[in-house]
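Trainee: here is a sequence together with a model predicted from it:
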Amino acid sequence: MEGFREHSTAGEKGPLPGAVAATASPQSLVEYSPDVDFIERQPLVVKYRVYTLKKLQTKCAVLEAKYLREFHSIERKFAAIYEPLLKKRRQITNALYERKRSVRDEVQGRGL
């Protein structure tokens, strides 16, 4: 099967155990999923805990999305600030920019 690593057990070749083919039908996916009715068989207090945890996880996901948006905007802001410095650095390292003679002499006088 393409895209899955092959393994051999007792001379057989096939996908890794538990791997589902990309072309698998929804019915075959149920075979690999855990017991669907597991939560339904739990006591009511456990169901409420699961529901509360799901709501909490949703709030965490919303907060994380907000954090990532703000982080991205700060990165863009500082990328614009850093651009002239990085451009000058590229010019210096590629020998496209040469300092004035007096500055170069001053650097040599310091032993740098």
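Mentor: Structure's in. What do you need? Numbers count the residues shown, from 1 in each chain.
Trainee: low-confidence regions, this structure specifically.
Mentor: 1-36, 101-112 (pLDDT under 70).
Trainee: for it, which helix is longest?
Mentor: Longest helix of the chain, by residue count under DSSP state H: helix 44-93.
Trainee: what packs against that helix?
Mentor: If contacts are counted by 3 or more Cβ pairs under 8 Å, 6 or more residues apart in numbering; DSSP states H and E, helix 44-93 sits against no helix or strand. All C-beta atoms are positioned from the backbone trio N, CA, C, and that covers glycine.
Trainee: could I get the CA-only coordinates of stretch 91-98 as CSV?
Mentor: Extracted in CSV, the C-alpha atoms of stretch 91-98 (Å, rounded to 0.1, in the frame of the first residue of the first chain):
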residue,chain,number,x,y,z
GLN,A,91,25.2,44.0,2.0
ILE,A,92,28.1,43.8,4.4
THR,A,93,28.4,40.0,4.2
ASN,A,94,28.2,40.0,0.4
ALA,A,95,30.8,42.8,0.1
LEU,A,96,28.2,45.1,-1.5
TYR,A,97,28.7,47.8,1.2
GLU,A,98,32.0,49.2,2.2
